[in-house]
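*Asks:* Would you be able to build a 3D model of this:
(chains A and B)
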Amino acid sequence: MNQPAALRSRAEGLAAPLPPLLAEAEHLAATVLLGEHGRRRAGMGDEFWQYRPAGPGDEARSIDWRRSAQSDVHFVREKEWQAAQSVLLWVDDAQSMQFAGDGSHTSKGDRARVLALAVAVLLIRGGERVGLSGFTLPPRRGELQLLRLAEAFNATDETPDYGTPEARGMLPHSRAVFVSDFLGDLAPVEAALTKAADRGVKGALLQILDPQEEAFPFDGRTIFESMSGNLRHETLKASELRARYLDRLAERKARLADLARVTGWHYQCHHTGESAQAALLWLFRALERVR
Amino acid sequence: MFTLGPIGFTAPWLLIGLLALPILWLLLRAVPPAPIRRRFPGVALLLGLTDDETQTDKTPWWLLLLRMLAIAAVIIGFAGPILNPQDERAGSGPLLVLIDGTWADARDWQRRVDRVDALLAEAARSARPVAIVQTTDLPDEGALFQAADAWQSRLAGLQPAAWEPDADAVAEWADSLTGNFETFWVSDGVDRAARAPLLDSLERHGTVFVFESPRPVYALRPARFEDGKIAVTALRASTADTAEVPITAIGLDPNGVERELALATAEFASGEGEATVELVLPPELRNRITRFAVSGVRSAGAVSLTDDSLKRREVALIAARDDREGLELLSPLHFLRQALEPTADLIEGNLLDILLANPDVVVLADVATVAEAEQDALLDWLDQGGLLLRFAGPRLAASDVSRVEEDPLLPVRLRAGGRTVGGAMSWGEPKALRPFPDTSPFFGLSLSDEVTVSAQVMAQPGPDLSERSIASLADGTPLVTRKRVGQGQVVLFHVTANAEWSTLPLSGLFVQMLERLAISTRPTKPAAEELAGTTWVPEDVLNAFGEIEDAGNMPGIPGEALADGRPTATQPPGLYAGEERRIALNVFDNEMPLAATSWPARIAVEGLTVVRETFLKGAFLMAALALLALDMIASLWLSGRLRGPRSGAVAAVALALMLPQDVRAQSPDDALALAATSEVVLAHVVTGDSQLDDIAHAGLRGLSDKLFQRTSVEPAQPIAVNLETDELSFFPFLYWPVTASQPQPSAQAYAKLNRYLRTGGMILFDTRDADVARFGSGSPEGRKLQELARPLDVPPLEPIPQDHVLTRTFYLLQDFPGRFSSRDVWVEAAPPEAELTEGMPFRNLNDGVTPVVIGGNNWAAAWAVDERGVQMYPVGRGYAGELQREISYRFGINLIMHVLTGNYKSDQVHVPALLDRLGQ
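*Replies:* Here you go, the predicted structure:
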């Protein structure tokens, strides 16, 4: 008797966060003008591209008779090329992404999901196929895919402290976006990128950091714990550690940038204290450049 | 007890704990503050990083110091610090605390009480029974030894007395003491004869300790006259150094306020115990002095009350025109001058000029008639208590004054001519005086045979002659008669003031009689025989602190006791009033000596200073607590817990607490005041109905325009007045349209309105319902008007009479229409005594402006114009309507003229012009 009701209430609870996330992503995506990333050449597609005089080899059925009737030459109606590209997203859902610093801005995970979904919105509007790397959500097109993506982003599973990129299921020569804080072990990242490069997949690495992680504004006796509490480090004077921490962070960023350059990817570091729009623009342009 | 400077410790061993502080320093340094747990994903980057030094995170030095101080305060606090620790006074057994309790104690009574309090506290600690005795307030017998606590509660009630202790009573009391006891004698520092025997008898019972204040003792002797100056002698007890003592003369100024009238400085030479100050003051000022006091000394001994002996009467001497030039001894005033000069201030001159100086006595020597103006002035002066002293003489005998009717300035009617006895041309012997009757003020004066009368003016017999004669000759004919006039009196000597008619002016009796009449005053205190049998009632008494108190219902004292001259408990120092004069009883008379005490060497004399033990334990522990609280806050701050989102709220709360209360609102809008006062402005009351307010505003605008065009009143734009917030006094005129729905003004607004009406403002109430209702007929507006006006201070009203000044202040009017034309306009009622005079077109009516005009003619609507000067509302129909509007404007103009000019047109001076205009 109450099974349908329980199911429905659970479904609604599940669905509740979707519209805001989607709306926020769409709101962010709306700020990007779509005009620039057209294919700009004739090809398969729905949109009119140009009339050109028919040449030898053109099928008779491809001649646009209405246009040709206005003059003595036969014209062929060309459509814009709209070859669909597959873009695979990997958004780090590890616990470290839940860090929100001093609470004055969103957590890294929120920012990562919003950015990923926003870029998905843009890509799907541009007619691309978007999916998640791995096998959970293969790339598809259409608005419905956005809802599926949003649902996938909101899935709450028990996750490790630091995430490892998912490089399986990548279609050759597709595009990929990895969004993470890249604070964990870099070896899986390197492996994933190498594998992607092997398959001719190019894309963007977006590192999202909290301002506190960038500035390390701590002093005094402190016990630092990872988000799950598995890792801990105690210091008597945190301020002494600042310089060395920042060195390590810079070293990590440099290594990520190196990896990206070697594999033909793009790397960018984004802070949650900054505007998400800049990151979205960069992400979009990075995907565009690859094409 | 272990002492360290002024601080002692009850548990000094605890102070060893202070040695542990350096160890604590090390310990506190070694213990870092509690770690803070932070979630931080970047911990992955931190793994493997080690601290450079193991104790890098040490407590800051100031926090360490704070904690050290807190611990030191705790240690010292528990060691029981005492400021000014007192050594216990060795001694046991009963304790007698003897306080002199005289006037000399009053100068620092509180310190004595404090000292005794400290002694009692000591006695309480060693559980000694205590008795407290004041030498001026001795118990009946012995001393009552009680627990010190019991006395301590009574200590505050002890008061010094303003008199010296009674030597006999003290000796008697000393004899009644029994048992052994120690004595603490709190001495006042003044030497007395009774002191030595008392000391002897006290020492028989036990040791005597003396407590004495080193502060100087000052006293004043009564002020006296010396060669026309006031001499005040100041005394002091210790004669060691030179000293300057300010002495003030205090009295009532002409406004009846007590103030310092004069200030002098008595300079004591070294070794001298007395210093005399001489003051020269005008008689007016001198007679006002009520007491002298040593400034800044609160003691009855340092106050000297003055009495009549210091007062000198002002006596005006007036004789008839002197036609016998150069004959001094025959001058009618010569003997008077001789008799009065030592004791009174004499004035001579024109009678009217003299009366301006308000003398106490006017002497008319053989002056028969006075001019009418002078007589009136004299009678006024007599009514206020003057004494007119007249002497007979040839002129009075020859004149017709008081022959048929009694002259107001003579006590009796006189027979013509007078009589002469015992002269060369008459029979008989010169008459002697009859002894004075006991109703006479001269009663008790001794007669001498040498006083004879050879001529006199004779009084007409009458029913009140015997009552009025206060001295008579041996044959019963009156010699001196007296009559009371108002508060004053007229006294007639039936003989001359020189020796022509009698030998009286040559005798001492003459001076005594003048004294008895209070014409002259005697300089010295009366003798005991003189005062025998009289009773003196205290008027003011001095307390020991030299303050004057009302005597209240204190019983009178016999004159003998007063003559004795020493104040006691039954006769405290003060001012005593008898029948004719007042005598001051001061602590010091002219003989009493003042000297410092000289104790035998075996007696220990201590000062009065009390150093109180102050227990500092609480203060130290409080300081430790405060420091620990500070430490808590500092630790929180150091560990970063005071930062973050909540710190803002904390700071806001702290700031809010520190901010002063909001400042008072600014004074009423200056802009309104300026607008209302720089030009004449008509104003209307804001009713809250915006449409109605607009009509009122437009109406006043129309009226202002018309006033501007037709009269010299040039009003500015009208102003809307809010009764609750705006000041009303700027506006000469308020238009108040009444609606049934307007709110009742507040009590403050009514107070403002009533003040406005009382100070000449006018309110025109307009119920605007004259088309449907008669005045007072109970329309909603009428009822509201009654409600509104109930708290107002409105005088009786009447329908506007035909001769009201409103009918002619500018235009001659009989109707007062507005948009409606009703005759019901009410103004302040004319006074009931206003009568129509024959031939006058109007009555002489009330002064001032009627404070209210009440009607229902909706004047504002008739007056209203818009910005372009176009009439806003129709009045009546056609030409008749326009005429009505014109009349309503005229009413408005008359009203404003009435407000601004008052009853000017009510003046009868305008009658001819008005009659001319009325065509009569």
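
*Asks:* Surely B:I470 is in a strand?
*Replies:* Yes. Under DSSP: H, G, I helix; E, B strand; the rest coil, B:I470 sits within a strand.

*Asks:* So it is in contact with B:F443, correct?
*Replies:* No. With contacts counted by CB atoms under 8 Å, B:I470 stays clear of B:F443, the gap being 9.1 Å. C-beta coordinates here come from the backbone N, C-alpha and C atoms, glycine included.

*Asks:* can you tell me the average pLDDT over stretch B:41-49?
*Replies:* For stretch B:41-49, mean pLDDT is 81.

*Asks:* Go through that stretch and flag the buried ones.
*Replies:* B:P41, B:G42, B:V43, B:A44, B:L45, B:L46 (16 or more other CB atoms under 10 Å in any protein chain shown).

*Asks:* any idea how far the closest residue to the last one other than its chain neighbours is from B:V43?
*Replies:* What that stands for is B:L46. In space, and not counting its chain neighbours, B:L46 is closest to A:H233: 4.6 Å by CB to CB, 6 or more residues apart in numbering or on different chains. The gap separating A:H233 from B:V43 is 5 Å, by CB to CB, to the nearest Å.

*Asks:* which residues are in contact with both of those two?
*Replies:* Common neighbours of A:H233 and B:V43, using CB atoms under 8 Å, 6 or more residues apart in numbering or on different chains, are A:F224.

*Asks:* Those residues of the stretch 51-200 of chain A touching chain B, which are they?
*Replies:* Residues of the stretch 51-200 of chain A lying close to chain B (CB under 8 Å from any CB of the partner chain) are A:S96, A:M97, A:F99, A:D102, A:G103, A:D161, A:Y162, A:D181, A:L183, A:G184.

*Asks:* Name the SS class of the closest residue to the third one other than its chain neighbours, please.
*Replies:* To tie it back to what came earlier, the one meant is A:F99. Ranked by CB to CB, 6+ apart and with sequence neighbours excluded, the top spatial neighbour of A:F99 is B:P41, at 4.7 Å. Following three-state DSSP, we place B:P41 in the coil state.

*Asks:* B:A544 belongs to a helix?
*Replies:* No. Checked against three-state DSSP, B:A544 lies outside a helix; its state is coil.

*Asks:* B:P743 - how many residues pack around it?
*Replies:* If you count neighbours by other CB atoms under 10 Å in any protein chain shown, B:P743 ends up with 10.

*Asks:* Backbone dihedrals for it, please?
*Replies:* For B:P743, the backbone dihedrals (degrees, to the nearest 10) come out as phi -70, psi 150.

*Asks:* residues contacting the nearest residue to it once chain neighbours are set aside?
*Replies:* Ranked by CB to CB, 6+ apart and with sequence neighbours excluded, the top spatial neighbour of B:P743 is B:G688, at 6.3 Å. Applying CB under 8 Å, 6+ apart to B:G688 gives the contacts B:S741, B:Q742, B:P743.

*Asks:* do that again at 10 Å, thanks
*Replies:* Shown in contact with B:G688 (CB atoms under 10 Å, 6 or more residues apart in numbering or on different chains): B:N722, B:T739, B:S741, B:Q742, B:P743.

*Asks:* Tell me which strands whichever strand in chain A runs longest pairs with, and in which orientation.
*Replies:* Determined from DSSP state E, the single longest strand within chain A is strand A:202-209. Strand pairing for strand A:202-209, determined by DSSP bridges: strand A:175-180 (parallel), strand A:266-271 (parallel).

*Asks:* from the ones you listed, which stretch is densest packed?
*Replies:* The highest average neighbour count among those, using mean count of other CB atoms under 10 Å in any protein chain shown, belongs to strand A:175-180 at a mean of 27.

*Asks:* Please, which helix or strand holds residue 152?
*Replies:* Let's take chain A. Following DSSP states H and E, the helix or strand that holds A:A152 is helix A:143-154.

*Asks:* nope, chain B please
*Replies:* Assigned by DSSP H and E, B:Q152 falls in helix B:148-155.

*Asks:* ok, then the element right after that helix?
*Replies:* Using DSSP H and E, the helix or strand that follows helix B:148-155 in sequence is helix B:167-175.

*Asks:* if we look at that next one, which residues are touching it?
*Replies:* B:98, B:133, B:135-136, B:138-143, B:165-166, B:192-195, B:197-202, B:204-205, B:568-569.

*Asks:* so the closest residue in space to A:L249 that isn't next to it in sequence, which of the three states?
*Replies:* Among residues not flanking A:L249 along the chain, B:L45 sits closest, at 6.0 Å (CB to CB, 6+ apart). With three-state DSSP as the basis, B:L45 sits in helix.

*Asks:* Would you confirm that B:L45 contacts A:Y245?
*Replies:* Yes. The criterion here is CB atoms under 10 Å, and B:L45 meets it with A:Y245 at 5.7 Å.

*Asks:* Need the residues touching each of those two.
*Replies:* By CB under 10 Å, 6+ apart, the residues touching both B:L45 and A:Y245 are A:E213, A:F216, A:F224.

*Asks:* which residues touch the residue in the stretch 151-300 of chain B positioned nearest to chain A?
*Replies:* Relative to chain A, the nearest point of the stretch 151-300 of chain B is B:Q152 (58.6 Å; CB to the nearest CB). Listed by CB under 10 Å, 6+ apart, the contact set of B:Q152 reads B:V116, B:D117, B:L120, B:A121, B:A123, B:A124, B:V130, B:I132.

*Asks:* Take the contacts of helix B:167-175 and keep only those in helices.
*Replies:* B:R195, B:P197, B:L198, B:L199, B:D200, B:S201, B:L202 (DSSP state H).
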